[in-house]
Each structure stands twice: as structure tokens, then as C-alpha cells.
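> sequence plus predicted model, see below.
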Amino acid sequence: MAFLDKLTKGVSKAAEQAKFEADKLMRVNKLNSEVSQLTGEVERTTAAIGAKVIELRKAGGLQLPELDELVNRVSTLEEQLAAKKAELEAVKAEKFEEGAPVAQATVTPSEAAPSPKYCPNCGVTVQPGAKFCPSCGQKLG
């Protein structure tokens, strides 16, 4: 009889532990989901703040020298993006002509030259090949 009591207690303990672990897993998954949702909200809100700061800076309503380099970088990227979109549309519009030479992809000098790197954390310009940001210490690459 002692054997059966011991076995019953062991099975009961294992069932309680399994229930605990299942409950813990459900709580962890729920919290991970909530953390993910909040992280997304923070990122979207931060991006909205950044867009508003750029808008205000360009309109002259926000004068902070610390922003000049970043706003100029955004303007440069927007110009590059517009040029690439136009190039993409031109390539999409091309039609095949039998007997016409096939265009070869070429690298323009601007693509061959390395563009300046910026820290994704603080936005400061960093040297090509740098492993860490000299301003905030963020790991790069």
C-alpha cells in the first residue's frame, strides 16, 4: 500500500508541475505578445516624433544645431530615394525589342564611393569600418 501511496503522490506532483509549467508558458507568451505590441507602438510613435521634428526643422520652427546634420542626411536620402524611384519606373517601362542590345548593369561613381555611415542610435557620423559609435558606444554593423 505504501508503494501505491508513493506512486500516487509522485503522479500528483508531476501533474501539478506540468500544470504550473503550462500556466507559466501561457503567461510568458501573453507577456511576450504585449511587450511586442508596446515595442511596436514605441517605434511608431518615435518615428512620428522624428517626422514631426524634421517637418518643424525644415519649416524653420525648430532651431537646434544638433539636428542639422540629421535633417540634412534625411534630405539627402529623400533626394536619393526620389532618383532611385524614377530610375526604377524607367526600367519598369522598358520594352523588349528584338535585336536591340541588352543593357548591362553599371555602377555609377556615386554608388562605388562609400557613403558616410551614421549611428542608428544617436545619428552621429561614424568612420567607415568603425565597430562602435564614438559618441554613444552603440555597436555598429
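Perfect, thanks for sending it. Residues are numbered from 1 along each chain as shown.
> only C-alpha atoms from now on, for both contacts and neighbour counts.
Noted.
> what packs against the helix or strand hosting Ala15?
Take DSSP states H and E as the rule and Ala15 turns out to sit in helix 2-58. In this structure, helix 2-58 packs against helix 65-93, with contacts taken as 3 or more CA pairs under 8 Å, 6 or more residues apart in numbering; DSSP states H and E.
> which other helices and strands contact the helix it packs on?
Contacts defined by 3+ CA pairs under 8 Å, 6+ apart place helix 65-93 against helix 2-58.
> got the angle for the helix it packs on vs helix 65-93?
An angle of 90 degrees separates the directions of helix 2-58 and helix 65-93 when computed by axes from the mean of the first three to the mean of the last three CA atoms, to 10 degrees.
> which helix or strand in the protein has the lowest average pLDDT?
Scoring the helices and strands of the chain by mean pLDDT, DSSP states H and E places helix 109-112 at the bottom, with a mean of 52.
> give the next helix or strand downstream of that one.
With elements assigned by DSSP H and E, the helix or strand that comes after helix 109-112 is strand 117-118.
> quick one: strands adjacent to the next helix or strand after that next one?
Where DSSP H and E defines the elements, the next helix or strand beyond strand 117-118 is strand 125-126. The sheet places strand 125-126 alongside strand 117-118 (antiparallel), with pairing taken from DSSP bridges.
> so what touches the strand it pairs with?
Judged by CA atoms under 8 Å, 6 or more residues apart in numbering, the contacts made with strand 117-118 from elsewhere in the structure are 124-128.
> please identify which of the residues you listed is nearest to Ile49.
When the contacts of strand 117-118 are ranked by distance to Ile49 (CA to CA), Val124 comes first, at 18.4 Å.
> no further queries at this time; thank you.
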